[in-house]
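Novice: Provided below for reference: sequence and predicted model.
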Amino acid sequence: MYEKVNPSHPDKVADRIAGAVVDLCYKKNRNPKAAVEVLIGHGVCHIICETSEKLNPDDVRDVVRRIAGDVETDYVEVPQDEHLAKNQDKNFRCGDNGIFKGVPVTKEQKELSKIARSIYEKYGCDGKYILDGEKLIICQSNAEKKALEKKYPGAYINPLGDWTGGTSVDSGATNRKLGSDMADSVTGGGLHGKDLSKADVSVNIYAWLKAQQSGKTVELCCAIGDDTVDGRPYSEIVEIAKDYIERTGGFEKFAEWGLV
């Protein structure tokens, strides 16, 4: 059983905005520190950014406008906590305490991700999809039920009827759809809106990649300040995660679909 939401779901819109703000930080510094939280809905977008960089608020508003349309943006920027900043003074150390799990993606999860991407490619707007064995549930906004029934016979489609979605009818918040992004690899840490020094990003990506390669579940933990995880320098884990993010197209693109 697996649930997938697409990039126009309000929670994913929040993730994408957070990722795009982190991308702005990386344009200013090769190794910035950033933690971004976004709450969006009903014409308003609230953003809090803890960062080592000084961003132009107009650039942040441009990001919101490009991703979410014409909404009022409230942007608050504050420096990173002094203790957290000192932890990263000289080299990469884990930026948080955490437990992490990487789990091989199942056939069912791959199939639903394929279905979600196919539907989104056609409609490009808010949608959610569930697959439980043979049971497929499709909730796709701005789509005619009959058209979807032709392609997915037997599926439960828009149970309450055709609908419109997006941030004008629902709110979204950063890291609220980790089940969609990580499937069975979900633990405590959120993937989005953080720089690569944060273990929530780097160790989650590393554990997930290792699980796909080995075909086995990977479980890891770290304490803030650790310079070694899984028997290798944390700086190497950061580089592995950085390579994955760059191949994906950046933090905003990564936020669109997550790891699965």
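Specialist: Looks like it came in fine.

Novice: what does the helix or strand residue 201 falls within contact?
Specialist: Per DSSP states H and E: residue 201 is located in helix 199-214. Helix 199-214 is contacted by residues 94-98, 100-105, 182, 185, 187, 189-191, 194-196, 217-220, 222, 229-230, 234, 237-238, 240-241, 244-245, 259 when judged by CB atoms under 8 Å, 6 or more residues apart in numbering. In short, each C-beta sits where N, CA and C put it, glycine included.

Novice: tilt between the following helix or strand past that helix and helix 199-214?
Specialist: Of the helices and strands lying after helix 199-214 in sequence (DSSP H and E), the nearest is strand 218-222. Taking axes from the mean of the first three to the mean of the last three CA atoms, to 10 degrees, strand 218-222 and helix 199-214 form an angle of 160 degrees between their directions.

Novice: Tell me the gap between the helix holding residue 201 and the middle of its chain.
Specialist: Its chain's C-alpha centre lies 14 Å from the corresponding centre of helix 199-214 when counted by CA atoms, centre = their mean, to the nearest Å.

Novice: Repeat that for stretch 177-194.
Specialist: Remark: stretch 177-194 is offset 7 Å from the chain centroid, using CA atoms, centre = their mean.

Novice: what is the mean pLDDT for it?
Specialist: Stretch 177-194 carries an average pLDDT of 96.

Novice: same check, this time on stretch 12-30
Specialist: Computed over stretch 12-30, the average pLDDT equals 97.

Novice: tell me which residues of the helix ranked longest in the chain are tucked away?
Specialist: Looking across the chain with DSSP state H, the single longest helix is helix 10-28. Of all the residues in helix 10-28, those buried under the rule 16 or more other CB atoms under 10 Å are 10-26.

Novice: Could I get the pLDDT score of residue 64?
Specialist: The predicted local confidence for residue 64 is 98.

Novice: Is it in contact with residue 71, as I believe?
Specialist: Yes - between residue 64 and residue 71 there is a contact under CB atoms under 8 Å: 6.4 Å.

Novice: For these two, work out which one has more neighbours and name it.
Specialist: Neighbour count, other CB atoms under 10 Å: between residue 64 and residue 71, residue 64 has more, with 24 against 19.

Novice: where's that one, which helix or strand?
Specialist: Secondary-structure assignment from DSSP H and E places residue 64 in helix 57-68.

Novice: Same question for residue 40.
Specialist: Using DSSP H and E, residue 40 sits in strand 34-41.

Novice: which residues are contacting that strand?
Specialist: For strand 34-41, contacts defined as CB under 8 Å, 6+ apart pick out 10, 13-15, 17-18, 21-22, 25, 45-53, 64, 68, 71, 80, 167, 170-174, 193-195, 198.
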